[in-house]
Each structure stands twice: as C-alpha cells, then as structure tokens.
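# Only the shape, not the letters, is given here:
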C-alpha cells in the first residue's frame, strides 16, 4: 500500500530514520500541535511530547495497539495505532485512530463538573497501568514537587508521582482496589506537601468498569487538615494539663515554704512562710488583702499600680515568669522575684493559681555593695592622679596605675623605703629631699601635705609631681595609714617652659617686624608698640593713649582730608570696626609718609572686646613707583589713541586710494568687457585677455592690501546673510574649471548631497577664502589635477559643519616653510617666487577670515608631490529659501548679448560724476534696449525724478554725499501711488560692503567697482 495514499483521511505521521518527516492536518487537529512543533523530532522527543512510550513497544508489534496520547492542552486521547512500512523499509507511516466515545470529558460529566468546581481533589487514572489521565488543580496541589504542576504529572503512573509510593499506606489501598476491583476509602492520610507543612486528607478510590473490565480509577481527595490539627491540639492540651498537675505536685512537695496557692476567686488555699514573713501578719486570706497591704515598685523605684502589675495575673489566670519587683509596706522594703502558673482542669477551665515568691533582698543588697566597691576600685584604678596608701611599717597597701609613675614603674614595689633606694626626689629649689622629709613619712607623723612640688630625676630625665596627703585613723584614733595623692605635672611644666620660650620668640618677632604694630586695651591705653611703631612717631614716649597719636603727627586720607582722632584705626577697632588696606598720608615735621593701615578688634572666647590691634605698612616707595607707573600708563594710553587714530587714517587713506584706483579701473574693465562683445580679430582678442588678466591681478593686490589693513586695524566685520552652499561652490567650481583647463589640468569636483543647505553666514568672505586657496592651487600646479570637495562633517537642528578640501599635485611646500606659510608676505622659497609671482597675502588673509568665522584652516603637503588645504566651518541653518537666490540661480544671463523684450523702454537713472564711467554705463544699459537717463549729482537726480518716472536707479556712492541719500529715500517713499523704485549702489569704497549702512540708507543692493557687466545684467533680471 503506498504511504501517501490520498484515500486515507486518518491522522498520521511519517518517520524516516527515526525522525518525523511528515504530519497530516488530521493529526494536527487530533493533538492540537502545529506541524512545525512535530517535524524533525526523534522517536524519543515525540514520545515525550505526546507523553507516551508506544514507539518503544510498537517495534515488537506487527499489527496494531491501543494507547493514550495527550494533546497540547494535556487532554487524553485513546487511540489505536497501526503502521505501514514502505518496500525499502526507510519510511514508516503511523496511523492514529481515536476510539469512538472514548473522550473522558463526555463519559464522566459529574467528574468533569467536580474538576471545574475545584472544591475537592479529583483525578482519573487509566487501568491497569494507573497512569494519570486527568486531574483538577486541587488534586495536583496535593502532590509533591515537581509533580504539583500539571505538565509534570499528566501521563505518569501513580508510582512516579507519589513520593515514597512503595513505602506508603496508599500503595496498599491501591493494591487492594486493583486486586479486588472494589471501592476503597483512606481516612486521615498524612502527606508532607512540597515544603508547605503536613496536610491530611480523606481519599476514596472508585474503579469504573467497561465491558466487564476495569477501565478507569477515579480518586476523590478531601482536605481534613483543620480537623486533624484541632484533634491534635486537644490531645496535646490534655497531656500538658496532666503533665503540669504532676509537676505542680512535685513542686509543692519540694518548695512548701515558698509556694502559695489561690483559687480562681483569689482566695488563699495555701499560704507560704515567705508571704507570712514579708507581711508580718497572719490575716492574709485572699488577693485583696495583699493588694491593700503593699506598694509595688519596679527595679528603678518607679511606683506600679496593683492593676498594672503582674500580681493582677493571678485573678486573670495568666502565667508570670521571673517578675522582679520591689515590695514595700510601712515597715520594710523587699526585693522579690515572682513566678506563677494557672492550673486548668481537664476541660480547660481555670481552677487554681500557684504563686512562687523568692525574697532576694539580701543578694540584691550584697550586689549593690559589690557594685559600689567595684566602681570605687575602678575610679581609683583609672583616675588620672596617682593614689596609694602606706601603713606605719612602710608597706604600700593600695597602688593605682597612675601612682606607678611616681615610683618610675620599678617592678613590684612593696615598701616605700625600697623605692627611695632606687630613685631620688628634689624640691622646687632643686635640693634633694631626705627620707624623713618625704611626704609619706610626714603624713605618717600626722602632718597634712597639700600641693608639695617634687621632681624625680632618673636616667637623665626629669618628672615633676604635685603631692598631697592625709593620715588615716583607726577606731582608736591612732594613725593607721597615710593616704597620698600624686599628680604628674611634667607635661604642664614642660608646656609652660615652651610657652615662655614661644612668648619671648613672638615678642622678638613683633619687636623686629618691618610693619609698625600698635595694641591698645579696651580703655584706649597703648599696651604694646614695637620698634617700627616707635620710629613712626616723632616722640613715642609721649603716646600713652590712642588720643595722643595726633599730637606727634597729622594723618590725611588720599583725598587730602585730615583724619581726626575718632577715625583713627585703633579708635575704629575699639568700636568693633575692621579696617582693610586703607591708604593714609602721615605728615611729620621731618618727612611725609604713605602707609597702608589694617586694624581689627580682638575678642576673648566669650565674645567680649579686650583690645584693638593696628598694623602700619610703609608704602612710601611703592606709592612713588605707582605714580610713575600711572604716568607711564597715561602716556601709553595717549600713544595707543594716537596709534588707533593713525590706523583709522591709514584705513581711510587706503579706502580713498582704492576708490581713486578703482574708479578708472571700472572704466577700463567696463570698456574691456564692452570690447569683448564686439567683433574682434584673434590678435585683438589675445590683447584684450592680457588686459583683463592684468587688471584682475591689480584688483586682487588692491583688495588684499585693504583686507590686511582692515584686519590689523580691527575693523573687519562679518556681514551675515542667507545663501546657498551649493550655488556658491558651483560658481567657484565654474571659475576653477576655466582657470584649470587653461593650464591643461584635470579638475575634480564633489559636492556632498547631504550638505545642500541654505545657511546664514558671510558669503563674500567664504568665497574669498575658497578663491584664495583655489587660486594658489592653480598657480603652483603645472600638471596633474586639482580636486575641490565639499562634505558635511556633522549636523544638528540649528547648525551644520562643512569641510572644504582643495587638493593639488603641484610643487608642494618645503618643511622649512610650513610654519610660516600663513604669515604676511610669505610664499616659501624665494627661488620659487621668481616664477610664481604674488603678494603673499592670500593665505594670511584666509587664515584671519577663517578665525573671524570661527572656522579652521589646516594643510598637509609633501615637497614635489602636492598639497591639500582643508577649511572647516560651522554655519547656522536657514529654513527660508530666498527668492533672489532662486532667481539668480535659475535665470543667470548668458554671456551672449541678447535683448530681453521685457526691458525695452525701461528707464534707468544713473547718478555718476565720472565721465568715463558714465560712457561705459550708458553703453551697458543701451545694449539691452533700456533708456539711459544721466544725472551728475543727487540734486539733479531729484529734479529728474520729479518730472520723470524711472524703473531703476544706479548711484555712484561717495562718502561725502551719504547724507544726500536720505532725500532719495524720502522721494521714493513719498510716491505712494506708485511702486518703490529699486536703488542699486555702486561704490569703490570698501565701507559700502557694510550691509547695516546700506539698509539704513534704503539701498536695495550694492555692487563694488570695478564690476562685471554680467552683474549689472543680473540686477536688471531681478529688478526690472
């Protein structure tokens, strides 16, 4: 029969080489597992998944067999398994046929409901192997770990999931059920349930028959732990009562004198001798008599009310354990320890109370005496003063540790005479003290000694003591002992000596210090004046009080105002004021002094003013030097002002000179550009190109000189505006392409797409830096290539950092000149300069401009191989794309001379004083079909505007006529019925590059002379 028969819809799996290779949809429906969870599993893994071992058994079965398998949700399925092996015996097909009406949930509806209720433990086992087919959570919780989880117990036999099953009472019951086939009951079965304590349950096991044979076993378990625990407690209480009764009887026999017994009402059944002795009466009959007779205190002598004491436990039937209190009456006070226990009958009712009172008064008092003795000994032992006693025979009876210093720690000293043989003592006059004059013998003779100074000398060291002593008398009034107290004052004596020495040293320092020191007491009396202080005064002996200071001199402040007595430094300090570095002029009869004064009040530890201190420091020489320095500084300031004026004059001169040079150059450049637009021979074109290149070089030199002048004068400013990074670098690349191709160089250009931003910055200065770097690369490269790269370094919401890289294969830079390459007029080797001409200002200007823009220029170069210059700078992003940028970018006029029909008959007013520039501009305007109107000055232009309408105004801007532009501005604004006329400034003054000035003048745009004709036409494109 083929393995892949489509006519057989039974659930099946195919196994090859003991691995599952195919699973049918019917098998998936039967088990609830996905195919992916079964495919690739081995025999062993599949058996574990389905919780069956039929594969091991089935090897020996040729036909079919009935087994239980379990679904993914752990539901049992009784199936008949058959197999089919292909002809080459490599693949085995297993068929699973579920028996009809075999599902437990349909057979045992009552058991299913009990499982769902989960009130009792319900389990269904298969017969005869007793494998767990189904169980509720309650039943599973009875099992020990790890079988108290459903996935760990379903499918396993009772012997596997019950701990110690073979030694368990429940095994015997299961054996009876299996052998006899009858219902079995197990009562009060004890189980240790996975570490949570002992539990008890009643169990019933019921066999279920099908076709005359036992098919299932249903076990029902009911938790009876609480019932069993109550039973155990009751039995334990009964045993405890019986044990207590026996113990009490034994105690009563042994401690008849201490034990009293009360009934539950507090009446005395038996009174001990201790109670009779304590209360000194025979009238104690119940607990109330004791309550009225005594006062109760705790061990700290705090009174306790009877109801708050543990005596009240007697009536309450509560146990007392070692309750220590003080009992007091009118006649005595006793320390007692009380213990007591209630006695219950067999029913647990309070019946009697046994009270044990132990009088510990004597032991407490003995302990107090012992503690006092120990405290006294500890005090004597640890006191800082030495203490010892000597009897009449000279024996030392008591000797504390501090007293051993007095005896120099000479081993074990028993007699005072032994000590005197080993050491010698001297009095305060350094005379040796004879034995009979020693304080110990003087005291034994009845003399009292107080503060006797003694010095002990031993091994080159001295020890100083103060000794006091008194005689001790016996009961008969005779002297029995001498008590002596010694205090080691060696450290004090040595400290006093050091203090005296330090005092002398301090006095010497104060006396010889270079500053004048004055100290006055709180009454104003001068109590200290050092040598320098005395030299400050004309007559120091006449100065006894603070008020006497002005008698020998006059004091003035730096403004020349006299300082009166009440404002003197010491007077201020005596009022609690502090003076810090006050400059005072002192005029004496012989000379004038400049001093720096400091003074402060001095307080004792309680905060009381006790004196005042003043310190005068002579700064006369310093003051004279300061005057000289101030004068020199004033002169330097004047020189600085003159230098700044000179710089401004130089800048203005250079600006004017550039204007005078730029004005004729504008005519030259304009004429050249107009000639370029006329038909010319090849030779004429060549000469025009030479003229144009020479003019550009001359203009570059002028611009560089002006830039260096501005940088040195500190007047170079940034003029930030919005511009496109892509547009400016594309324009620079176009110029590079033209200049590089003319020398036969390969030009490489890359613009990072991520760098295409509209940014805010100084467009002209960025272009100037890049033009300088690129022009150098072209100048010093004869063959190879020039690379121009623009890349984004990093970017955030506000700023973008851009890196410009210009690399060439030129001559490179010698190591000797790398450190000087950014210096003014630096071009490396002079021999190279002969070939490559230039001012040497380009890199220096670029470096300075980069610093102004918070950028950085660096380079790498190898002589003979080429150079790479990197310029990195951050720009602020702009989210506004200017229309002018778009227009200029998209609508640039080509170099061809074409007439824009929109410009025909447009009127352009040109205010120009230079006749050559006027002719050039007229030709430029009329070549585009526009009407040219000329005015020589502002006044003439105003007249023209009053009688003519113009579309655009071109003004040659001069510094001396700036105020006249307000008239143009007002004229333009006053014509409200018409559109404002655009004003374009033309200037050869570099100051006109300042956008702020242009905005204030009402100028729309400004171009520098000499200008490019294409610039004019681009302006026409924008404004006409």
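That came through fine. If you're wondering where the values come from, they're calculated on a predicted model, not measured in any experiment.
# ok, residue 689 to residue 771 distance?
20 Å (Cβ to Cβ, to the nearest Å). Every C-beta, even on glycine, is put in place using the N, C-alpha and C of the backbone.
# quick one, which of the two is more surrounded?
The residue with more neighbours, out of residue 689 and residue 771, is residue 771; 16 against 13, by other Cβ atoms under 10 Å.
# Please report how far the more buried one lies from residue 166.
The spacing between residue 771 and residue 166, counted by Cβ to Cβ, is 102 Å.
# just residue 400 next, same as before
Distance from residue 400 to residue 166, by Cβ to Cβ: 78 Å.
# all helices for the stretch 101-250 of the chain, in order.
Assigned by DSSP state H, counting those that start in this stretch, the stretch 101-250 of the chain shows helices spanning 104-107, 109-117, 137-142, 150-153, 158-161, 169-180, 225-254.
# Pretty sure residue 474 sits against residue 391.
No - between residue 474 and residue 391 there is no contact under Cβ atoms under 8 Å: 10.6 Å.
# Overlap of the contact sets of these two?
Common contacts of residue 474 and residue 391, defined by Cβ atoms under 8 Å, 6 or more residues apart in numbering, comprise residue 480.
# buried set for stretch 698-711?
Of the residues in stretch 698-711, 699, 700, 702, 703, 704, 705, 706, 707, 708, 709, 710, 711 count as buried by neighbour count, 16 or more other Cβ atoms under 10 Å.
# Let's have the residues you listed in CSV, adding distance to residue 226 and secondary structure.
Output for those, formatted as CSV (distance: Cβ to Cβ, whole Å; DSSP: H, G, I helix; E, B strand; the rest coil):
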residue, distance to residue 226, secondary structure
699, 111, helix
700, 108, helix
702, 112, helix
703, 107, helix
704, 107, helix
705, 110, helix
706, 107, helix
707, 103, helix
708, 105, helix
709, 107, helix
710, 103, helix
711, 100, helix
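# Point out the most buried one among the helices of the stretch 101-250 of the chain.
helix 137-142 (a mean of 19; mean count of other Cβ atoms under 10 Å).
# how far out from the middle of the chain is that helix?
Here helix 137-142 is found 52 Å from its chain centre; the criterion is Cα atoms, centre = their mean, to the nearest Å.
# tell me which strands and helices that helix is in contact with?
Packing partners of helix 137-142 (3 or more Cβ pairs under 8 Å, 6 or more residues apart in numbering; DSSP states H and E): strand 121-126, helix 150-153, strand 213-223.
# Out of these, which is the most enclosed?
The most buried one of the helices and strands packed on helix 137-142 (mean count of other Cβ under 10 Å) is strand 121-126, showing a mean of 23.
# for the stretch 651-800 of the chain, what spans make up the strands?
Using DSSP state E, counting those that start in this stretch, the strands of the stretch 651-800 of the chain run over 721-724, 746-751, 758-761, 785-795, 799-808.
# Might you calculate how far the first one sits from the centre of the chain?
Right, strand 721-724. Worked out by Cα atoms, centre = their mean, strand 721-724 lies 41 Å from the chain centre.
# Give me the buried positions along that strand.
Buried residues in strand 721-724, defined by neighbour count with 16+ other Cβ under 10 Å: 722, 723, 724.
# next one: the last one
By neighbour count, and taking 16+ other Cβ under 10 Å as the criterion, the buried residues in strand 799-808 are 800, 801, 802, 803, 804, 805, 806, 807, 808.
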